[in-house]
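Peer 1: show me how the following folds:
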Amino acid sequence: MRKFLHTFTVNTGIDKVWEFYTDLHHLDVITPKQLQLRIGHAVSQKLAAGQTVSLSGKFLTRRSWNTEITFLEPYVYVDEMKNGPFRRWKHTHTFRKISDSETEVVDEVDFELPYGVIGRLFEGYAAVQLKRIFDHRQEATKAALE
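Peer 2: Numbers count the residues shown, from 1 in each chain. Below is the predicted model:
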């Protein structure tokens, strides 16, 4: 299993950042267009603990998957991918107040590719792709909130 960490600061108060990230519409704003992300089914546009969201997108090939919000309390939530392009995906989103007008956004992803040893050979490549995706998310978040 591999760990990926991405951190940045946005010049916006924590409550506004939290509201943005816990609304499913944020995915349309921060996801690179080439991933062609589509939200299939969600009970609510507002994230809640225990909620499952159906998604599809293009990560090497077009895939569908479900993600479950396994933990959610103010300023931290965890989504875990089920039956998707990763064998294991646990994404912890943490938001830390730096000041009244600054928030640190921390994304920590534990992931594992399928296919055993062959999958492990491609985890470095996957980490590079994740860096590109999360760099885009950083820029898109700043553009939307600052």
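Peer 1: how long is stretch 65-81 end to end?
Peer 2: 7 Å (C-alpha to C-alpha, to the nearest Å).
Peer 1: secondary structure element for the most centrally placed residue in the chain, which one?
Peer 2: Nearest to the geometric centre of the chain sits residue 91, at 6.2 Å (C-alpha atoms, centre = their mean). In the assignment (DSSP states H and E), residue 91 maps to strand 88-99.
Peer 1: quick check: buried residues in that strand?
Peer 2: Buried residues in strand 88-99, counted by 16 or more other C-beta atoms under 10 Å: 89-93, 95. C-beta: built from backbone N, CA, C; applies to glycine.
Peer 1: OK, contacts around the closest residue to residue 4 other than its chain neighbours?
Peer 2: Spatial nearest neighbour of residue 4, chain neighbours left out: residue 109 (4.3 Å); criterion: C-beta to C-beta, 6 or more residues apart in numbering. Going by C-beta atoms under 8 Å, 6 or more residues apart in numbering, residue 109 touches 3-5, 89-92, 130.
Peer 1: repeat for residue 84
Peer 2: Contacts of residue 84 (C-beta under 8 Å, 6+ apart): 55, 63-67.
Peer 1: that one should be in a strand, yeah?
Peer 2: No - read with DSSP: H, G, I helix; E, B strand; the rest coil, residue 84 is coil and lies in no strand.
Peer 1: make residue 1 into 135 and carry on from there
Peer 2: All set: I'll call the first residue 135, so the last point we hit is now residue 218.
Peer 1: quick one: it from residue 259, how far?
Peer 2: Noted for residue 218: a distance of 17 Å to residue 259, by C-beta to C-beta, to the nearest Å.
Peer 1: and residue 237, by the same measure?
Peer 2: Distance from residue 237 to residue 259, by C-beta to C-beta: 31 Å.
Peer 1: pLDDT wise, what is the residue nearest to the centre of the chain at?
Peer 2: Note for residue 225: predicted pLDDT of 98.
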